Each structure stands twice: as C-alpha cells, then as structure tokens.
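>>> Build me a model:
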Amino acid sequence: MLLAACGDRSSRDVAAPAAAQQLFGQVCERNSAQLFPDTALEARIRWYGAHFRALGEGRLCHLAPAKTEVYRFVWLRSFHRPVAVRVTHDSGGTSLRAKETDGKGGYEPGRVVTDTTVVLTPAQWQELQALVARTGLWEATPPAVAASVGLDGAQWVIEGVRDGRYRAIDAWSPEPVGPQAPVHTLGVHLLRLAGLLRSRSGELY
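The predicted model follows:
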C-alpha cells in the first residue's frame, strides 16, 4: 500500500465516529497540473493516467471545491473493465458518480460505456465515512501494509480530499481478511452502491 506523505495538519469536527481529529495529507495546490499530488502515484502516471483520462477523471483536488469532501475509488483489474466511483459531499448533500470503460485495467483503457449518478442518503454518507476511517486514510501513521504490485491482479486506488488536503492509498489486490481488509471492504462497498458489484466468478480481485 502506498500512502501520500504527510503535510500540514489542522483539526476539524467531523460526523465520523471520532470527532475533532487531526487531519493529515498533502495540501491541494489548485494551480498544479499533476494528476496526483502524491509522488508515489505520480510515478505510475503513464499507466494510471491513461485510464483516468479514459474514465474522464481529472485531478481530485480540482473536483473538490472549498467545503467539499470527495472520495474516489479507481479499480484497475488486469483483465476486466476499469471502474471509477467518486463520492462528493457538500452542504447540498451527497452524490455518487460511477463510470466504467470497455477496456482492461492492465491493457488499453477503452471508452466509457457506463456513467451513472446516484444520490446518497445521510445514513449512507455516515456509513461511508466510517469505512474510510477504518482504512486509516486520514491517520498520522499509514497502515502497515507493504507496497507491492503483481503481474496479474488489480490496483485499488482510493483517494480523498478533505479541508483542502489530499491523501491516497494504492493497494494491489487487497484481501477481504488481514491488514488490507478495510481497503477491500471500502472498495466493495462503493461498487455495491454504484451497482457495479458483479457476482461473476473471477471478476472480484
């Protein structure tokens, strides 16, 4: 698992289980042209960038105006369709947008064939916040999971922007049990909310 380096910190009250927690992460630079504020992700820009562009997903900092909290899950499976699920929360409510291309995550990106928007309830937003917290995305110390990339598998990229700060987790084929379980649970939860969790054998990896 790769996690963005810590930048400035500030405290904030959140609706998540722990109130008034410290917020860590890279400060969003609005004028930057880089897709990822995190250098570890930016090192994979040729691979990731092609799929993010095909999915119509730009820099997350640019998609999160002031007082907006945004989370994005991009699922790049070697032999199956790339998926992006983005959740945006502001004073007006919470929405989820899910996109899928007809390409393959380890090969050509393809073109968008699914583009769906869903309005989430306050209860669904609170549940999502709790699942994000379990991944350790906003904690001072990153989860103790090794950064590894396999030949055949899937990259689970989870990004978040909150209070103008960015954090990311990049995990390879996280298992539903063990130290990477919270990442797996969050990804599956977002796929389910998006209606993209398919039960076909061999597609969830």
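>>> how close does the residue positioned nearest the centre of the chain get to Gly178?
What sits nearest the mean C-alpha location of the chain, by Cα atoms, centre = their mean, is Ile158, with 2.3 Å. Distance of Ile158 to Gly178, computed by Cβ to Cβ, to the nearest Å: 17 Å. For glycine as for every other residue, the C-beta is placed from the backbone atoms N, C-alpha and C.
>>> sorry, back to before: contacts only, for the residue nearest to the centre of the chain.
Applying Cβ atoms under 8 Å, 6 or more residues apart in numbering to Ile158 gives the contacts Tyr71, Arg72, Phe73, Thr135, Leu137, Ala168, Ile169, Asp170, Ala171, Val183, Leu186, Gly187.
>>> buried subset of these?
By neighbour count, with 16 or more other Cβ atoms under 10 Å, these hold Tyr71, Arg72, Phe73, Thr135, Leu137, Ala168, Ile169, Asp170, Ala171, Val183, Leu186, Gly187 as buried.
>>> Looking at these, which are in strands?
Counted as lying in strands by DSSP state E, out of the buried ones among the contacts of Ile158, are Tyr71, Arg72, Phe73, Ala168, Ile169, Asp170, Ala171.
>>> for the chain, where's the lowest mean pLDDT among helices and strands?
Here the helix or strand of the chain ranked lowest by mean pLDDT, DSSP states H and E is strand 10-12, holding a mean of 33.
>>> Strands along this structure, start to end?
Ranges of strands in the chain, per DSSP E, are 2-3, 10-12, 21-23, 26-27, 69-77, 83-90, 93-101, 112-120, 154-162, 165-172.
>>> now the ones you listed as CSV including distance to Ala130?
Listed next are the strands of the chain as CSV, based on distance: least, Cβ to Cβ, whole Å:
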stretch, distance to Ala130
strand 2-3, 19
strand 10-12, 16
strand 21-23, 13
strand 26-27, 23
strand 69-77, 12
strand 83-90, 13
strand 93-101, 14
strand 112-120, 14
strand 154-162, 14
strand 165-172, 16
